[in-house]
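Undergrad: got a predicted structure plus its sequence, pasted below:
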Amino acid sequence: MSAPDRPRHGIATVCLSGTLEDKLAAAAAAGFDGVEIFENDLVSAPASPAEVRARCADLGLSIDLYQPFRDFESVPPDVLAANLRRAELKFDVMERLGADTMLVCSSVSPDSVDDDDLAAEQLHLLADRAAARGLRIAYEALAWGRHVNTYDHSWRIVRRAAHPALGLCLDSFHVLSRGSDPAGIRVIPGDKIFFLQLADAPKLHMDVLQWSRHHRLFPGQGSFDLAGFVSTVLGTGYAGPLSLEVFNDVFRQADPRRAAVDAMRSLLALREDSGDATLPPAPALSGHAFTELAVDGTSGPVVARALTALGFTHTGQHRSKPVQLWEQGEARILLNATPRAAAGAEVAALGVESADPVTSAKRAEALLAPVLPRQAGADEAALSSVAAPDGTAVFFCRSGDWRSDFAPAGAGRAPGAGLTGTDHVSLTQPFDNFDEAALFYRSVLGLDPEPATEFAAPFGLVRSRAVTDEAKRVRIALNVARLRRGEWAPRVPSPQHVAFGSDDVIASAAAMRERGAPLLEIPDNYYDDLDARLAPPPGLLAALREHSVLYDRDETGEYLHFYTEVLGGRVFFEVVQRLHGYAGYGAVNAPVRMAAHRRLRART
Ligand SMILES: O=C(O)c1ccc(O)c(O)c1
Ligand SMILES: [Mg+2]
């Protein structure tokens, strides 16, 4: 049972992949209180409505809405008669399901006429029929409705119809996609809002129906102001469920159990953003404590050699595990040689500095992040960690607490090559989990997502989106292939990298090359194009060319950066210098880097 002091959490079955049975099980497992049954999901299910009702009851789910009923209102008498017959048959189904509210979306039919009086009169009739069965009608303006396509228009009709069993369904997508001002919702009495559907979306310039049917997202994953929208609706006194209705091509094929957890996380974070719920607050994050790479017997020495050539020193040895600490400036890499299933090298964990690791972990748990078992031995730092959507562990650290787990190794630090710290970590996400990952880092870690960028990589479009703290001390870049990889794309693990800061990237590159670092060579064509595009001063251009350093300039500043080759099959390093507050990641250069990596991989 839901606590009386919070809104009920709902989800439409259309959000989730699989059969109706899969969807209901996933919604219940993620802790939803109720569902909107999408008609197609019921029609194709072998279970009878009574069996679906029983199944929902077993799972502790209420059926909050039956939807959608289409093309009802403002029609000639013969069409009205047929529509009423259709409605009565659906009311039969709803009675068997135990669902008391039917969603009627504004008509898209050429049979309908532009006549509010007629619409109100016919909806009144429908509401009478519904009321006779103890049911209610929630009228929703589709953004592409033929005559009714704004919420204020649907409200004028519902008000005119003046029937107690007729109210509104408000759907954030239809309101916000059209740029309607949600402030007008304040005049609607809360008890005339029968249902609230929530969906976010990226800002796209496209046909609104296509936008709605393919690109909706869970709240917090797109760019609509859902928090403002929800506060406005709750301000009317609306006391029904907060129900997610997300049509999305990727979610439609993703594991519904994960998607349902992602959905629930989005609702919990949304309620916090709209001032309606309390989660443990996100403690400030003040930097990357370390990045841990899992290595094996082959990749371990390759990565260690590269770190040495980049100017790192092996400064510590874990007291109870086969883990080495490597440092330069404030940059720290852990090499973990614990045996595991995967071969090669990969990012296993991110350590982030938290002002309050205990609260960070509590917040993560409240937001349904999988808490990882602690593996600390006696006397070792008990770090809390959670699994990000791609399986990477995120450790919450505080001012080097964890360092005491390492015994000093070797004879002090080598001179280094000018690296100051970790600038960012870049992780390619599994195709199905990109939006989930952005929401995870946003809600669980309290980081702000930056706008997504897209670029044409050698083997297809890549989308990239970074999340950062306000002071830009923690930066995590998330990448994903826009479309599923074709057969032609090479079967190699998706790349991950750690970028270190330098105050003089050219000097760092020279020093590292001198020490035999496996730096990535950039073709001359790139520098000819760079000269044409951005005309760097000739001396700088020559230095960039000589050291295979890439360059970008935009309204925020300048970025100089270079890369190592791929080490151990998947991981590489980058060295970056941000001038004048450059905010990006050099995405314009990513295709050049990818092609250069590809050329080397083709040789091996
Ligand atoms: O895309 C649609 O047809 C559709 C159906 C029902 C809804 O609640 C909605 O918002 C859209
Ligand atoms: Mg809707």
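TA: Cool, the structure landed. Ligands and ions are numbered 1, 2, ... in the order given.
Undergrad: contact partners for whichever residue of the chain sits closest to ligand 2?
TA: Among all residues of the chain, Asp171 sits closest to ligand 2, at 3.5 Å; criterion: C-beta to the ion. Backbone N, C-alpha and C define where each C-beta goes, glycine included. Contacts for Asp171 were tallied using C-beta atoms under 8 Å, 6 or more residues apart in numbering; they are 140, 196-199, 245.
Undergrad: do Gly145 as well
TA: 105-108.
Undergrad: got CSV for these, with secondary structure, pLDDT and distance to Ala162 too?
TA: Formatted as CSV, the contacts of Gly145 follow (DSSP: H, G, I helix; E, B strand; the rest coil; pLDDT from 0 to 100; distance: C-beta to C-beta, whole Å):
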residue, secondary structure, pLDDT, distance to Ala162
Cys105, strand, 98, 21
Ser106, coil, 98, 18
Ser107, coil, 98, 20
Val108, coil, 98, 25
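Undergrad: kindly indicate which of those lies nearest ligand 1.
TA: Cys105 (5.2 Å; C-beta to the nearest ligand atom).
Undergrad: and the lowest mean pLDDT element among the helices and strands of this protein?
TA: helix 590-603 (a mean of 88; mean pLDDT, DSSP states H and E).
Undergrad: tell me how far it is from the chain's mean position?
TA: 28 Å (C-alpha atoms, centre = their mean, to the nearest Å).
Undergrad: and what of stretch 499-508?
TA: Centroid separation for stretch 499-508 versus its chain: 31 Å, with C-alpha atoms, centre = their mean.
Undergrad: buried residues in that stretch?
TA: Buried residues in stretch 499-508, counted by 16 or more other C-beta atoms under 10 Å: 499-502, 505-506, 508.
Undergrad: do the same with stretch 545-559
TA: Across stretch 545-559, burial judged by 16+ other C-beta under 10 Å covers 545, 547-553, 558-559.
Undergrad: measure stretch 413-431 end to end?
TA: Using C-alpha to C-alpha, to the nearest Å, the span of stretch 413-431 from its first residue to its last is 41 Å.
Undergrad: before we move on, back to that, in the least confident helix or strand of the chain, what's buried?
TA: Neighbour-count burial for helix 590-603, counted by 16+ other C-beta under 10 Å, picks out 590, 592-594, 596-598.
Undergrad: check stretch 298-309 too.
TA: Neighbour count says stretch 298-309 has 299-300, 302-304, 306-309 buried, by 16+ other C-beta under 10 Å.
Undergrad: so which bits of this protein are right by ligand 2?
TA: Residues of the chain found near ligand 2 (C-beta under 5 Å from the ion) are 171, 197, 245.
Undergrad: now tabulate these in TSV and tack on pLDDT and secondary structure.
TA: Output for the residues of the chain next to ligand 2, formatted as TSV (pLDDT from 0 to 100; DSSP: H, G, I helix; E, B strand; the rest coil):
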residue	pLDDT	secondary structure
Asp171	98	strand
Gln197	98	strand
Glu245	98	coil
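Undergrad: which one among those gets closest to ligand 1?
TA: Nearest to ligand 1, judged by C-beta to the nearest ligand atom, of the residues of the chain next to ligand 2 is Asp171 at 4.6 Å.
Undergrad: is that closest one bridged to anything, and to what?
TA: Residues in a beta bridge with Asp171, per DSSP bridges, are Gln197.
Undergrad: need the pLDDT of the residue most central in space within the chain.
TA: Central residue of the chain (C-alpha atoms, centre = their mean): Asp435, 2.5 Å from the mean position. pLDDT recorded at Asp435 is 96.
Undergrad: that one and Val175, how far apart?
TA: Counting by C-beta to C-beta, to the nearest Å, the gap from Asp435 to Val175 is 21 Å.
Undergrad: Ala162 now?
TA: 23 Å.
Undergrad: again with Val386
TA: To Val175, Val386 is 34 Å away according to C-beta to C-beta.
Undergrad: could you do Ala417 as well?
TA: 55 Å.
Undergrad: residues contacting the residue of the stretch 301-450 of the chain found nearest ligand 1?
TA: The stretch 301-450 of the chain approaches ligand 1 most closely through Asp435 (18.9 Å), counting by C-beta to the nearest ligand atom. By C-beta under 8 Å, 6+ apart, the contact list for Asp435 reads 217-218, 221, 250, 262.
Undergrad: okay, buried residues for the helix or strand that contains it please.
TA: Taking DSSP states H and E as the criterion, Asp435 maps to helix 434-444. Neighbour-count burial for helix 434-444 flags 434-444 (criterion: 16+ other C-beta under 10 Å).
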